[in-house]
Each structure stands twice: as C-alpha cells, then as structure tokens.
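Participant: The following comprises the amino acid sequence and a computationally predicted model.
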Amino acid sequence: MSNEDVQGVAAAQLRSIVERIERLEEEKKAIADDIKDVYGEAKGNGYDTKVLRTIIRLRKQDASEREEQDAILDLYKQALGMV
C-alpha cells in the first residue's frame with residue numbers, strides 16, 4: 001500500500017468521524033431544543049422549572065449519593081443556624 005493510499009484511507013476515516021460528530025451535534029441541539037420546549041410547557045402549566053431541574057438532577061443520582069448530599073446539606077444548614 002502506497003503512502004498516498006494510506007493517507008487517502010486515513011483522510012476518509014477522519015472525514016467519516018467528523019461528519020458523524022457533526023450529525024450527533026445537530027441531534028444534540030434538536031434534543032436540547034425539545035427539552036427547552038418541555039420546560040416551557042411545564043412553566044406554562046404553573047410548574048416551577050428550577051425545582052423541576054433539581055428533581056431531574058436528583059433522580060439521576062443513586063440513593064446513597066443523594067443521602068450523603070442531604071446529610072451534608074443538613075449539617076451546613078445547622079452550622080449556619082438555618083434549621
């Protein structure tokens with residue numbers, strides 16, 4: 001295989017990778033727009049979107065991670081006289 005063949009294969013592979021990433025970036029933007037629309041719908045129905053975002057973040061965590069964060073938050077609140 002000549003050097004030009006190797007470069008051609010490498011260039012084709014690189015082009016393919018870049019094009020796949022570009023397509024995925026477009027899909028990611030479309031999904032982000034869809035999520036934004038759903039939050040807008042929720043807000044229009046009277047839901048607090050900041051709280052919804054917190055709920056979504058919490059649901060991604062496992063139970064032990066959530067419990068640990070809650071314990072630390074309670075400790076900090078007690079230290080600041082917020083309880």
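Facilitator: Cool, the structure landed.
Participant: going forward, measure contacts between C-alpha atoms and count neighbours the same way
Facilitator: Fine.
Participant: Quick check: which ranges of this protein have low pLDDT?
Facilitator: By pLDDT under 70, the weakly predicted segments of the chain are 1, 6.
Participant: Please, where are all the helices along this protein?
Facilitator: For the chain, the helices defined by DSSP state H occupy 3-44, 49-60, 63-79.
Participant: What angle do helix 63-79 and the second one make with each other?
Facilitator: It stands for helix 49-60. Angle of helix 49-60 versus helix 63-79, following axes from the mean of the first three to the mean of the last three Cα atoms, to 10 degrees, is 130 degrees.
Participant: Mind listing what's buried along stretch 44-51?
Facilitator: Of all the residues in stretch 44-51, those buried under the rule 16 or more other Cα atoms under 10 Å are residue 49.
Participant: and what of stretch 31-41?
Facilitator: Result for stretch 31-41 [16+ other Cα under 10 Å]: buried residues residue 39.
Participant: Provide the contact partners of that stretch at residue level.
Facilitator: Outside stretch 31-41, the residues that touch it by Cα atoms under 8 Å, 6 or more residues apart in numbering are residue 49.
Participant: C-alpha coordinates for it, PDB please?
Facilitator: What follows is stretch 31-41 as a C-alpha-only set of coordinates in PDB (Å, rounded to 0.1, in the frame of the first residue of the first chain):
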ATOM      1  CA  ILE A  31     -32.900  17.400  21.700                       C
ATOM      2  CA  ALA A  32     -31.900  20.400  23.800                       C
ATOM      3  CA  ASP A  33     -34.500  22.500  22.000                       C
ATOM      4  CA  ASP A  34     -37.100  19.800  22.700                       C
ATOM      5  CA  ILE A  35     -36.200  19.800  26.400                       C
ATOM      6  CA  LYS A  36     -36.400  23.600  26.400                       C
ATOM      7  CA  ASP A  37     -39.900  23.300  24.900                       C
ATOM      8  CA  VAL A  38     -41.000  20.800  27.600                       C
ATOM      9  CA  TYR A  39     -39.700  23.100  30.400                       C
ATOM     10  CA  GLY A  40     -41.600  26.000  28.700                       C
ATOM     11  CA  GLU A  41     -44.800  23.800  28.700                       C
END
